[in-house]
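J.: Have a look; sequence and predicted model below, questions after that.
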Amino acid sequence: MQEILKAGDIFKTYGTVDVLKGIDFSVQQGEVVSIVGASGAGKSTLLHILGSLDRPDTGWVKIKDEEISAMNDKTLSAFRNQHIGFIFQFHNLLPEFTAVENVLLPAMIGKRNLKEAENRAKDLLRFLGLDHRFTHYPNQLSGGEQQRVAVARSLINDPLIVFADEPSGNLDTHNAEELHQLFFDLRKTYNQTFVIVTHNEKLADLSDRKVVMQDGVII
Ligand SMILES: Nc1ncnc2c1ncn2[C@@H]1O[C@H](COP(=O)(O)OP(=O)(O)OP(=O)(O)O)[C@@H](O)[C@H]1O
């Protein structure tokens with residue numbers, strides 16, 4: 001298996017709080033890795049740094065041999081749009097855009113071929129069981145469906161890796177389990193790599209690897 005992400009010696013302090021205290025982390029292509037641990041352990045902070053949404057105070061992050069932690073903001077922003085997908089607890093869909101249009105947004109920002117992107121958006125929505133929802137607006141979709149649109153949006157640019165922060169935290173048990181199954185279906189069909197911060201023990205147990213954090217370190 002090929003290593004898709006590698007990070008080392010990551011430290012992060014907010015004010016007087018040492019949030020991350022020397023983290024080493026790696027992910028193989030096609031792996032589904034869960035990061036678990038008590039509230040305040042530093043999971044989201046780590047995820048944001050691995051996903052280039054925040055920078056470490058010291059340490060480095062490489063995605064497919066590109067040292068993203070050394071990139072300037074402009075280069076990093078382009079790399080992020082092209083190669084990294086995100087799913088958050090709240091889907092953050094734009095209410096005035098349809099399901100397909102919401103999925104297309106990262107492709108529009110990245111100035112992709114929009115006809116191709118639209119076909120991919122529809123393929124992804126079909127894969128996620130939303131073939132009958134292309135022209136629906138977010139307020140016409142259930143919570144589980146809205147989150148599946150957000151999953152499709154995270155995948156539109158065919159990212160190397162998707163980072164998810166509590167993706168099922170806002171869903172009931174049934175919808176959460178459906179969403180978790182979709183991550184494994186996407187891995188199986190597209191060899192998609194996921195790093196997921198979760199408090200959901202079932203998802204963590206199903207993952208290929210469960211990384212446990214406590215007080216800013218991996219235990
Ligand atoms: N932007 C910030 N400014 C100041 N402190 C922050 C910031 N972000 C996080 N922290 C602090 O860093 C610590 C770790 O936060 P983080 O969100 O990474 O934890 P977590 O393990 O994801 O927790 P949870 O499971 O509750 O989401 C907490 O003490 C938090 O208050």
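T.: Looks like it came in fine.
J.: from here on, contacts and neighbour counts on C-alpha atoms
T.: Noted.
J.: just the residues of the protein that are near the ligand, which are they?
T.: Applying Cα under 6 Å from any ligand atom, one finds that the chain approaches the ligand through Tyr14, Val19, Ala38, Ser39, Gly40, Ala41, Gly42, Lys43, Ser44, Thr45.
J.: so which strand or helix has the residue nearest to Ser154 when sequence neighbours are not counted?
T.: Leaving aside its sequence neighbours, Ser154 sits nearest to Gly85 (Cα to Cα, 6 or more residues apart in numbering; 4.4 Å). Following DSSP states H and E, one finds Gly85 within strand 84-87.
J.: Off-centre distance for that strand?
T.: Offset of strand 84-87 from its chain centre (Cα atoms, centre = their mean, to the nearest Å): 4 Å.
J.: ok so, going back, just flag the most distant two among the residues of the chain next to the ligand.
T.: Using Cα to Cα, the two most remote members of the residues of the chain next to the ligand are Tyr14 and Ala38, lying 18.2 Å apart.
J.: Can you pick out the residue with more neighbours from these two?
T.: For the pair Tyr14 and Ala38, the greater number of neighbours falls to Ala38 (12 against 9), based on other Cα atoms under 10 Å.
J.: so what's Thr198 up against?
T.: Residues in contact with Thr198 (Cα atoms under 8 Å, 6 or more residues apart in numbering) are Ser34, Ile35, Val36, Asp165, Glu166, Pro167, Ser168, Gly169, Ala204.
J.: quick revisit: what comes into contact with the strand holding Gly85?
T.: 51, 150-151, 153-155, 157, 159-165, 167.
J.: ok, now how distant is Leu160 from the ligand?
T.: Per Cα to the nearest ligand atom, to the nearest Å, Leu160 is found 23 Å from the ligand.
J.: So for that residue, what's the pLDDT?
T.: Confidence at Leu160, expressed as pLDDT, is 97.
J.: Counting by contacts, list what the helix or strand that contains Ile23 packs against.
T.: If you go by DSSP H and E, Ile23 is part of strand 17-28. Under the contact criterion of 3 or more Cα pairs under 8 Å, 6 or more residues apart in numbering; DSSP states H and E, strand 17-28 touches strand 3-14, helix 43-50, strand 217-218.
J.: out of these, which comes closest to His174?
T.: That would be helix 43-50 among those, by Cα to Cα, at 24.4 Å.
J.: Which strands and helices lie in contact with the closest one?
T.: Helix 43-50 is packed against strand 17-28, strand 32-37, strand 161-165, strand 194-197, with contacts defined by 3+ Cα pairs under 8 Å, 6+ apart.
J.: what's the most buried one of those strands?
T.: strand 194-197 (a mean of 26; mean count of other Cα atoms under 10 Å).
J.: and the next helix or strand after that strand, which residues are buried?
T.: Later in the chain than strand 194-197, the nearest helix or strand by DSSP H and E is helix 201-206. With burial defined by 16 or more other Cα atoms under 10 Å, the residues of helix 201-206 counted as buried are Leu203, Ala204.
J.: Need the residue closest to the centroid of the chain.
T.: Here the mean C-alpha position of the chain is nearest to the C-alpha of Phe163 (Cα atoms, centre = their mean), at a distance of 2.2 Å.
J.: and stretch 193-206, average pLDDT?
T.: On average, stretch 193-206 scores 96.
J.: now stretch 175-187
T.: Mean per-residue pLDDT for stretch 175-187: 95.
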